[in-house]
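Trainee: Need coordinates for the below:
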Amino acid sequence: MASKVQQHWLTFSRMWLLCDARWQPAPELAKRICKYLEGRHKPVYHPRSDCGDHVVVINTREVAFDKNQWEKKLYVVNTGYKDTMIAMAAKDYHRMDPIKVVEREVYSELPKNSQRKNLMTRLHLFPDENIPENIRENLVDIIPPVMEPPKRLNEFTEEEKAGWPKLFIPPADYKPSD
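Mentor: As a prediction, this is how the structure comes out:
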């Protein structure tokens, strides 16, 4: 049985959570990540308290958008020089840096107050599955995906393939023409 001090420490301690962005829609993924960054999943959450966790996001290179949002969604980039504000499509912005799309989506979902910059320091993004060893040691739990990624055809077993409905059953004497 943990003492009261240990329970208090465990309640407010920061956990390291892993989130896989492979084939996940970026806006919904950002909402889910913000929930954990702010600490809204904890029973002791209060908007003024800083009780959020660290979130490690892998496979940001394979993030998804709905329909034709890769062409429609625009990100404004300012190079810092005069009259150099550029509007880039999401696919070009993602091609430039695969981490930036998820970072901008999460940044736009966070509350617009003074905690925003502090919350972003607890977001760790990686374009693939390679995570530094010191971060890998701290991981405690996995954030459930927004949607289950679909299986590829070669990932199905023969029993599952046999259970699929037949759309066309050829007659016994059928010979395909070449």
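Trainee: use CA for all of it now, contacts and neighbours both
Mentor: Will do.
Trainee: Please list all residues in contact with residue 116.
Mentor: 107, 110 (C-alpha atoms under 8 Å, 6 or more residues apart in numbering).
Trainee: in this structure, which spans are helices?
Mentor: In the chain, the helices defined using DSSP state H lie at 4-12, 26-38, 69-72, 90-96, 100-109, 116-120, 133-138, 158-162.
Trainee: phi, psi of the residue nearest to the spatial centre of the chain?
Mentor: Taking C-alpha atoms, centre = their mean, the centroid of the chain lies closest to residue 21, which sits 3.6 Å from it. Dihedral pair for residue 21: phi -90, psi 10, per degrees, to the nearest 10.
Trainee: and it, what does it touch?
Mentor: 29, 57-60, 62-63, 145.
Trainee: Could you tell me the end-to-end distance of stretch 17-26?
Mentor: 18 Å (C-alpha to C-alpha, to the nearest Å).
Trainee: go on, stretch 133-148?
Mentor: 27 Å.
Trainee: distance of the nearest residue to residue 130 once chain neighbours are set aside from residue 148?
Mentor: Nearest non-adjacent residue to residue 130, counting by C-alpha to C-alpha, 6 or more residues apart in numbering: residue 58, 7.9 Å away. Residue 58 is 16 Å from residue 148, where distance means C-alpha to C-alpha.
Trainee: Please apply the same query to residue 72.
Mentor: On the measure of C-alpha to C-alpha, residue 72 and residue 148 end up 25 Å apart.
Trainee: for residue 160, same thing?
Mentor: For residue 160, the distance to residue 148 - C-alpha to C-alpha - is 18 Å.
Trainee: Likewise for residue 90?
Mentor: Residue 90 is 23 Å from residue 148, by C-alpha to C-alpha.
Trainee: Looking at those two, which is more packed in?
Mentor: residue 90 (19 against 10; other C-alpha atoms under 10 Å).
Trainee: Neighbours of residue 35, how many?
Mentor: 16.
Trainee: could we number from 5 for the rest of this?
Mentor: Sure, I'll start numbering at 5, so the last one becomes residue 39.
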